[in-house]
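>>> Sequence and predicted structure are below.
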Amino acid sequence: MLTRDQILARLQEQSNPEVIQGMARFGVNPAHALGINIPVLRKLARETGKNHTLATELWSTGIHEVRILASMIDEPRRVSPQQMEEWVNDFDSWDVCDQVCGNLFDKTPCAYEKSREWCHREREFVRRAGFVIMAYLAVHDKKALDEAFLPFFPLIQQYATDERNFVKKGVSWALRQMGKRNSHLRTLAIQQAEVIAQIDSKAARWIAKDALKELSQY
């Protein structure tokens, strides 16, 4: 099994300044980044295997890509609510937020609870995380009943007026993914988008248009 120091040494060897420079163009925070692409991290994650203790050690480095790798190798059932709170409050970039939510948080026992809870938080990437988890649950939780997603719709409407770019994109993503899950949720998502379209808010109108454009294709 690879150790923390071996992983860090390998990633530092592959650091690419050109990738770091390009990160900012995509709205990614390049601070503490090595400039390593996701496929490289996924390959390393497969080689490393699942390891909760190692994941927490990697997260503590504060290095951008190392934290993404940590989310790939952690064990969802061993992730506590306290760990989720600590990690979500460390989010400083949309890609770390999305990777952690899609690789790990949406598979934890309290994913539904945290997604609802974090939507009410004011911090941008914490609120985004709430909606991103919703989106991933709609895709990944194949066994969930429609009823599990119904509490998300009022939250989507409530925060559709948040003008922050990464929040409104997260809200739209959640609405679209729920709508693509099945015909029943698609009908509800379209109805929700039509209601949101009537809200006097630039962000709300954008979300509604974005969702209706995609859902009308199904």
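Everything's here; your move.
>>> CA atoms for contacts and neighbours, from now on please.
Will do.
>>> which residues are contacting the helix-or-strand element of the chain with minimal mean pLDDT?
When each helix and strand of the chain is scored by mean pLDDT, DSSP states H and E, helix 17-23 comes last, with a mean of 85. Here helix 17-23 makes contact (Cα atoms under 8 Å, 6 or more residues apart in numbering) with 29-30, 33-36.
>>> What about residue 92, how many residues nearby?
17 (other Cα atoms under 10 Å).
>>> Is it correct that it is in contact with residue 30?
No. Between residue 92 and residue 30 there is no contact under Cα atoms under 8 Å: 9.8 Å.
>>> just to revisit the earlier point, who does whatever helix or strand comes next after the least confident helix or strand of the chain touch, helix- and strand-wise?
On the C-terminal side of helix 17-23, the nearest following helix or strand under DSSP states H and E is helix 38-48. If contacts are counted by 3 or more Cα pairs under 8 Å, 6 or more residues apart in numbering; DSSP states H and E, helix 38-48 sits against helix 64-73.
>>> and residue 115, what is it in contact with?
Taking Cα under 8 Å, 6+ apart as the definition, contacts of residue 115 comprise 129-131, 133-134.
>>> for it, helix, strand, or coil?
helix (DSSP: H, G, I helix; E, B strand; the rest coil).
>>> now it: how far from residue 101?
From residue 115 over to residue 101 the distance is 10 Å, taken as Cα to Cα, to the nearest Å.
>>> cool, residue 69 as well?
Relative to residue 101, and taking Cα to Cα, residue 69 is found at 12 Å.
>>> before we move on, what about residue 27?
Taking Cα to Cα as the measure, residue 27 falls 18 Å from residue 101.
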